[in-house]
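Visitor: Got a predicted structure here, sequence first:
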Amino acid sequence: MRLATLEGKRRWINGGVAALAIAGVAGLAAAALILWMVGDPMVAGGFLAAALVVAGVGGALIRLAGRSGEPVSVAYDWELMRVMAEASADGVAITDRGGRLVCANDQYEQLFAGFPTPPSVPLAGDGAGELEVAGRVAWRDGHARVTLRGAVGVIEATITRAGQQQDVLIWRFAGRAVAPGMPARLMEALEGPLGIQLGAAGVMAALITAEGYVIAANAVLRSRAAVSSEQAIVGEDLARFLVEGEGGTVRFVAEGVSANPLRLVQIPLADDADAPILVALIDSDAGISGSADGIEALLMLMPFGVALVDREGRFMQMNSAFARAANVDVGAPPIYPGDLVVREDKGAVADAIRRFASSAARSTDLAVRLKDHPDDPVALSIAAARGLGDAAVLLSLKDNGEENRLKREVAQATKMQAVGQLAGGVAHDFNNILTAIIGHCDLMLMRHSPGDSDYDDIQQIRANSNRAASLTRQLLAFSRQQTLRPQVLQLPDVVSEVSNLLRRLMGETVTLEVKHGRDLGPVRADPGQLEQVVVNLAVNARDAMLSKGTGGKLTIQTRSVPIAEIRRRGDIVPLGDYTALEISDTGTGIPADVLPKIFEPFFTTKEVGKGTGLGLSTVYGIVKQSGGFIFADSRTGQGATFTIYLPVHTAGVPDVVSVAAQAQQAARHRSGELWGTGTILLVEDEDMVRAVAERALARQGYTVLAAENGEAAMELMQGVDRPALVISDVMMPLMDGPTLARQLRKIHPGIPILFMSGYAEEQLRRSIDLDNVAFLPKPFSVQQLAEATRDVLLAQEGGNVAA
Ligand code: ADP
């Protein structure tokens, strides 16, 4: 049961006409109440909003007394209350005037193993009585607080009278819960069959809190420790039932001075000081011979690796957690603990075991390197075992495989981020260099005509620089700083752009088949990013095929999508025209349980160092950014198919840029159209870029005032007329581009600004809060610089500045 609303899902006290105003007040009161319960103004605010909405729609949830003269009584939406109460880390219960429990949260259920009605909750000693008194105080004074002891340790109970009519009590129980979840199994086991089995073997066992309060105990312990059959042990301080005897033994107070001395074994269940402790009490005169089963069962239950070693230093028993942590081969178990560790640590382990087998010392921790993974030292705890028959030493080992995996993941992610930053930085610097190279080539080409002896060589340099530029684009994509340059394009163009690269990537055993459908609609996306998508999917496909061992076939297909197919995809894809890009392989396929996770960042099934888990999440991000949808279909062993639907672009022509169209467009902009006049302030700290830009602009007819940084630019502007345009780098030492722009606009309001940068436009736009600025990504050609300049100036003339 989750919700203790006793009278149905919603309790309506006194049916009647809805009164919105009062409902609002009730909402306020309830919000205040929630604020107190949860201690979180956000949650309470959310509740208030919800309550007001409820009030607004007609008070459907809240009804008032209809007849005049009767006290107006407000009902609460208990379901809503409970949901709010779940936000509290404490156990929360609400009782009404009649003392009935009307609402409680999950934490309350966990704390008291059910929904007992306060004050009748299971508490040690006369806890229930104390709580009842506190409840009465709360009705009278509005508030009461009491500290109690329950099965899970100390409980702080706070009781408050609340509600619009002050007609409910809210009971909040802050329990110092012991390692949640984990001892529950042990608790049950101790009080159930295992407890009986242990008892039969002469072992009394209890689970106690770090403070010593009993959480659970087996029947023998309960009956022997208690003075009378009614006396409760659970919830009490175990020490109260014991007195110290001779030679480190203990006795039960209840059994008197002549009672059998007992040996006490304490096993903390985790490393931290607050962890619960498992206690075993064994009659010191009784051997433990018959208890091997019981001990083993107990060991098996331990949430961490435990093993028993005899006086000779040989393993007697180990639980599965120990075997797992130490990577023990169950077929050929090791004889000595030293067999598990690297040669250098053998001596230390053997020494420590010898020492603890014969001394009174209690325990120690030893950092050892296991043979199987010598790179990650693990902590081996060695403790003297007394009263456990032949066992002399207790070893415990924490399985930190999961912890190490997380550590490696974090390290990997951190590394990726560092690599990303480095890549972004390198790409930025390269973009500057490439701008200079491409620019100089452009300037030279203007002086040479085709057929000229140098013309082809310069073209070569330029072509290779462009290749380098596409590399820096990949670097930026990797560091997620790429500038989005969506274009209207045809998918086959994208595929053919990368197919050579793919052939090389696939290796010899994988064949590549490319099929293009007819009548494909154009799509609008960034071609560089789409190439990235194809490459990422192809690399995954290759890995899946290579790990199958037989090689295989990668098929890349583009096709237009029939509307029926979109319908089959359900509500996810809105009906419309799409062009699909489909990449299928004949590899291992993706198991059904893995399939839902593959697009998550850092999800990988590949071994450490091979997979980053970023490939598909990047793909997903790009597809989403482009307004598309991606689906993975696969059956284990039968390969996988990734289908991407991109909406067909239908808007007007100006955007059209297939590769051919791009060329046409370039042709349309004959250089003559790019001529301009006026003064341009050019600010760029990279000498080579500034030189090229200066020459290129001067060539187009502009008067260029060049400055190597922001300060120099401000100086240059003294006593000079307003320039027509400012072209500036963004990142510069001391005064950066945006700061310069702001200062210039103080002198010349609204002056048009064109930023050039090797960083991503989106990022810059986010960090630059300036209106009316245009961007030119580096590297750019002389032509692109001239075009961008003309566009900004034209837009300025037209009154709307290009952005
Ligand atoms: P990585 O490749 O670094 O592991 P990805 O995000 O690219 O990260 O892929 C996540 C996981 O999805 C892979 O580890 C793999 O298990 C699974 N996967 C992706 N593509 C395929 C495929 N074509 N065939 C089989 N499994 C795949």
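Guide: Everything's here; your move. Note that the structure is a prediction, hence the values are computed from the model and not measured. Numbering: from 1, shown residues only.
Visitor: so what pLDDT did Leu595 get?
Guide: Leu595 carries a pLDDT score of 88 in this model.
Visitor: wait, what's in contact with it?
Guide: Ala632, Ser634 (Cβ atoms under 8 Å, 6 or more residues apart in numbering). No exception for glycine: its C-beta is placed from N, CA and C like everyone else's.
Visitor: Return the residues in contact with the residue nearest to Ala712 when sequence neighbours are not counted.
Guide: Spatial nearest neighbour of Ala712, chain neighbours left out: Val683 (7.7 Å); criterion: Cβ to Cβ, 6 or more residues apart in numbering. Counting by Cβ under 8 Å, 6+ apart, Val683 touches 706-710, 712-713, 726-729, 732, 737, 740.
Visitor: in the sheet, who's paired with Val683?
Guide: Val683 has these beta-bridge partners by DSSP bridges: Ala707, Ser728.
Visitor: about what we covered before: of the contacts of Val683, which are in range of the ligand?
Guide: Near the ligand, judged by Cβ under 6 Å from any ligand atom, there are no entries from these.
Visitor: related to what we said a few turns ago, how near is the residue nearest to Ala712 to the ligand?
Guide: Between Val683 and the ligand the computed distance is 42 Å (Cβ to the nearest ligand atom, to the nearest Å).
Visitor: again with Val121
Guide: In terms of Cβ to the nearest ligand atom, Val121 sits 49 Å off from the ligand.
Visitor: how distant is stretch 565-583 from the center of its chain?
Guide: 29 Å (Cα atoms, centre = their mean, to the nearest Å).
Visitor: first to last residue in it, what's the distance?
Guide: By Cα to Cα, to the nearest Å, the extent of stretch 565-583 from end to end equals 17 Å.
Visitor: Now do the same contact list for Asn218.
Guide: Residues near Asn218 by Cβ under 8 Å, 6+ apart: Leu190, Glu191, Leu194, Gly195, Ile196, Leu198, Gly199, Val203, Met204, Ala205, Ala206.
Visitor: Ala206 is in contact with the first one, correct?
Guide: It refers to Leu190. Yes: Leu190 is within contact range of Ala206, at 7.2 Å (criterion: Cβ atoms under 8 Å).
Visitor: any shared contact partners between those two?
Guide: Ala216, Ala217, Asn218.
Visitor: ok, of the residues you listed, which one's closest to Arg504?
Guide: Ala216 (64.8 Å; Cβ to Cβ).
Visitor: Looks to me like the closest one is in a strand.
Guide: Yes: when DSSP: H, G, I helix; E, B strand; the rest coil is applied, Ala216 is found to be in a strand.
Visitor: Is Ile94 bridged to anything, and to what?
Guide: Cys103, Ile170.
Visitor: right, and it touches Asn105 too?
Guide: No: counting by Cβ under 8 Å, Asn105 is not a contact partner of Ile94; they are 9.6 Å apart.
Visitor: still on that earlier bit, need the contacts of Asn218 in JSON lines with secondary structure, can you?
Guide: Below are those laid out as JSON lines (three-state DSSP):
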{"residue": "Leu190", "secondary structure": "helix"}
{"residue": "Glu191", "secondary structure": "helix"}
{"residue": "Leu194", "secondary structure": "helix"}
{"residue": "Gly195", "secondary structure": "helix"}
{"residue": "Ile196", "secondary structure": "helix"}
{"residue": "Leu198", "secondary structure": "helix"}
{"residue": "Gly199", "secondary structure": "helix"}
{"residue": "Val203", "secondary structure": "strand"}
{"residue": "Met204", "secondary structure": "strand"}
{"residue": "Ala205", "secondary structure": "strand"}
{"residue": "Ala206", "secondary structure": "strand"}
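Visitor: Show me how to select, in ChimeraX, the buried members of the residues you listed.
Guide: Of the contacts of Asn218, the buried ones go into a single ChimeraX selection, burial set by 16 or more other Cβ atoms under 10 Å:
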select :190,191,194,195,198,199,203,204,205,206
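Visitor: Give me the ChimeraX select line for the contacts of Val683, limited to the buried ones.
Guide: This is the ChimeraX syntax for the buried subset of the contacts of Val683, where burial follows 16+ other Cβ under 10 Å:
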select :706,707,708,709,710,713,726,727,728,729,732,737,740
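Visitor: rewinding a little: which one of the contacts of Asn218 is nearest to Phe252?
Guide: Nearest to Phe252 among these is Met204, at 9.3 Å by Cβ to Cβ.
Visitor: what number of residues lie near the spatially closest residue to that closest one that is not a sequence neighbour?
Guide: Excluding its sequence neighbours, the residue lying closest to Met204 (Cβ to Cβ, 6+ apart) is Leu221, at 3.7 Å. Around Leu221 there are 26 other residues, counting by other Cβ atoms under 10 Å.
Visitor: Pretty sure Leu221 sits against Val203.
Guide: No: taking contacts as Cβ under 8 Å, Leu221 lies outside contact range of Val203: 9.0 Å.
Visitor: list the residues that contact both of these two?
Guide: Residues touching both Leu221 and Val203 (Cβ under 8 Å, 6+ apart): Leu281.
Visitor: Return the residues of the chain in contact with the ligand.
Guide: Checking the chain against the ligand by Cβ under 6 Å from any ligand atom, the hits are 540-541, 544, 585, 587-590, 594, 598, 603-606, 611-617, 640.
Visitor: Any of those residues buried? List them.
Guide: The buried subset of these - by 16+ other Cβ under 10 Å - is 540-541, 544, 585, 587-590, 598, 604-605, 611-617, 640.
Visitor: For Ile382, which residues are in contact?
Guide: Taking Cβ under 8 Å, 6+ apart, one finds Ala352, Ile353, Phe356, Ser363, Thr364, Asp365, Leu366, Val393, Leu394, Leu395 in contact with Ile382.
Visitor: try 10 Å this time
Guide: For Ile382, the contact set (Cβ atoms under 10 Å, 6 or more residues apart in numbering) comprises 309, 337, 349, 352-353, 355-357, 361-366, 393-396.
Visitor: now those residues: which count as buried?
Guide: By 16+ other Cβ under 10 Å, these give Val309, Pro337, Val349, Ala352, Ile353, Phe356, Ala357, Leu366, Val393, Leu394, Leu395, Ser396 as buried.
Visitor: So for the fourth one, what's the nearest residue that isn't a sequence neighbour?
Guide: Spelled out, that is Ala352. Ala352's closest residue in space is Ile382 (Cβ to Cβ, 6+ apart), at 5.0 Å.
Visitor: Mind listing the residues bridging to the one you found?
Guide: On the basis of DSSP bridges, Ile382 is bridged to Thr364, Leu395.
Visitor: Tell me if Arg145 really is in a strand.
Guide: Yes: counting by three-state DSSP, Arg145 is located in a strand.
Visitor: just to revisit the earlier point, so which of the buried ones among the residues of the chain next to the ligand belong to strands?
Guide: Ala640 (DSSP state E).
Visitor: still on that earlier bit, I'd like the contacts of Val683 as a markdown table, with pLDDT appended.
Guide: Output for these, formatted as a markdown table (pLDDT from 0 to 100):
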| residue | pLDDT |
| --- | --- |
| Ala706 | 94 |
| Ala707 | 94 |
| Glu708 | 92 |
| Asn709 | 91 |
| Gly710 | 92 |
| Ala712 | 92 |
| Ala713 | 93 |
| Val726 | 95 |
| Ile727 | 95 |
| Ser728 | 94 |
| Asp729 | 92 |
| Met732 | 85 |
| Gly737 | 89 |
| Leu740 | 92 |
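Visitor: Which single one of the contacts of Val683 is nearest to Gly570?
Guide: Gly737 (47.5 Å).
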